[in-house]
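Undergrad: Quick one: sequence and predicted model below, then my questions.
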Amino acid sequence: MLARSAQGLYWMGRYLERAAHASRMLQHQVSALIDRPADEIYAGWRLIYGSLKSLPSGGILEEEGDDYTLADAFTLAGDLTFEQGNPNSIRCCLENGRENARQMRHCISNRMWLHLNSEFLDFKSTEIFGIWKSEPEKFYADIEKHMTAFFGLADTSMYRDARWRFIQLGRAVERTQLSAALLSCCHATPGQDAELRPRQMRTVLRIFSASDSHDRIHGHAIDNGVVLDMLATDVRLPGSLCNHIAAIDTHLTSLSGDGPEECRRARTSSSRLGDLISHQWGRVRDRHAVLSDVESETRRLHDMIDGCFFNYRID
């Protein structure tokens with residue numbers, strides 16, 4: 001297929017997956033505003049911004065009492081949801097994903113386009129003041145639900161050719177990078193007391209949609225090491241890091257075939273990602289270092305995918 005079409009589908013998958021991820025994080029963060037102490041609320045904001053590798057427009061976060069906490073939460077939620085100057089905001093991700101879908105309408109199903117366009121137009125007419133007055137957590141849950149429905153339409157209405165696989169490859173790369181960054185940031189957060197740490201790990205389990213599975217297998221008590229091992233290496237957990245990496249390898253192998261040297265290097269990088277979780281994770285004690293390596297390798301893999309499929313050299 002045309003490199004331009006492949007690139008548009010790949011980035012559509014990445015942007016919309018990023019919007020879904022941000023919605024999940026914000027859904028659980030704003031629900032904590034009701035009855036959680038200020039230190040836990042600010043730990044949640046630091047986790048979100050740290051995993052996205054960004055800072056709020058005002059700089060660092062400072063705890064200044066309950067009233068300031070609520071006002072600051074309003075500002076931070078607005079920055080991560082509607083701020084057009086923030087490349088990680090839900091609006092920017094939806095807008096970029098929708099624009100890629102518009103240009104690739106000949107590659108996706110009509111139902112997919114109608115669903116995404118309708119969701120974007122509804123979102124565009126919404127403001128932070130409107131959602132903050134009622135149930136902001138429901139607003140974010142609805143966005144995630146619509147993104148899940150969009151990818152469900154891709155699975156049920158698209159032929160399983162290169163077009164579908166480039167969407168799935170973009171999703172898998174984005175999921176790997178975001179999941180590794182979230183786990184790395186959570187693992188490396190210093191200065192947390194014995195009560196705050198388990199509550200934050202419980203929130204991370206909910207973001208990964210793994211809270212029920214964890215409780216059924218390991219009980220309700222939170223052990224940081226057990227949670228990290230489960231979210232990183234459990235192949236039975238759909239949202240685990242190892243399954244996202246496996247999805248990259250599956251789609252990349254199908255797309256590249258016996259391609260040029262750039263494609264072989266990309267497959268080698270994908271295999272290296274798998275080795276970091278399947279072999280290095282159990283051998284080293286510094287899990288933060290392994291997760292940092294996963295983030296770095298995923299960025300290198302993206303560059304190789306770009307050179308292999310989108311901006312390749314023409315001899």
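TA: Ah, there it is. Residues are numbered from 1 along each chain as shown.

Undergrad: How much space separates the residue nearest to residue 1 when sequence neighbours are not counted from residue 255?
TA: Nearest residue to residue 1, sequence neighbours excluded (Cβ to Cβ, 6 or more residues apart in numbering): residue 162, at 5.1 Å. Heads up, the C-betas are built off the backbone N, CA and C, glycines and all. As judged by Cβ to Cβ, to the nearest Å, residue 162 and residue 255 stand 6 Å apart.

Undergrad: So for residue 57, what's the pLDDT?
TA: Residue 57 is assigned 71 on the pLDDT scale.

Undergrad: mind checking how far it is from residue 4?
TA: From residue 57 to residue 4 the distance is 34 Å (Cβ to Cβ).

Undergrad: for residue 82, same thing?
TA: Taken as Cβ to Cβ, the span from residue 82 to residue 4 is 30 Å.

Undergrad: Please say which of these two ends up with more neighbours.
TA: Counted by other Cβ atoms under 10 Å, residue 82 and residue 4 do not tie: residue 82 has more neighbours, with 18 against 11.

Undergrad: Am I right that that one is in contact with residue 89?
TA: Yes: under the criterion of Cβ atoms under 8 Å, residue 82 makes contact with residue 89 at 6.5 Å.

Undergrad: packing partners for whichever helix or strand residue 228 is part of?
TA: Assigned by DSSP states H and E, residue 228 belongs to helix 224-233. The contact analysis (3 or more Cβ pairs under 8 Å, 6 or more residues apart in numbering; DSSP states H and E) places helix 224-233 against helix 162-188, helix 196-207, helix 211-218, helix 241-256, helix 281-283, helix 287-305.

Undergrad: For the shortest one, which outside residues touch it?
TA: In other words, helix 281-283. 229, 232, 233, 287, 290 (Cβ atoms under 8 Å, 6 or more residues apart in numbering).

Undergrad: could you check the angle helix 162-188 makes with the helix holding residue 228?
TA: 170 degrees (axes from the mean of the first three to the mean of the last three Cα atoms, to 10 degrees).

Undergrad: how about helix 224-233: buried residues?
TA: 224, 227, 228, 229, 230, 231, 232, 233 (16 or more other Cβ atoms under 10 Å).

Undergrad: neighbours of residue 255, just the number please.
TA: Residue 255 has 22 nearby residues by other Cβ under 10 Å.

Undergrad: nearest to residue 135, of the contacts of helix 281-283?
TA: residue 232 (32.8 Å; Cβ to Cβ).

Undergrad: Against residue 282, how distant is residue 112?
TA: When residue 112 is compared with residue 282 (using Cβ to Cβ), they lie 40 Å apart.

Undergrad: what's near enough to touch the residue nearest to residue 202 when sequence neighbours are not counted?
TA: Nearest in space to residue 202, with sequence neighbours left out and distances taken as Cβ to Cβ, 6+ apart, is residue 222 at 6.0 Å. Residues near residue 222 by Cβ under 8 Å, 6+ apart: 198, 201, 202.

Undergrad: hey, where'd the helices end up in the stretch 1-150 of the chain?
TA: 3-31, 38-51, 66-81, 90-103, 110-124, 128-132, 136-157 (DSSP state H, counting those that start in this stretch).

Undergrad: For residue 269, find the nearest of the ones you listed.
TA: helix 3-31 (15.8 Å).

Undergrad: Next, the angle helix 90-103 makes with the closest one.
TA: Using the same axes, to 10 degrees: helix 3-31 against helix 90-103 is 150 degrees.

Undergrad: What's the mean pLDDT across helix 3-31?
TA: For helix 3-31, the per-residue pLDDT averages 96.

Undergrad: what comes up buried for that helix?
TA: So, applying 16+ other Cβ under 10 Å, buried residues of helix 3-31: 5-31.
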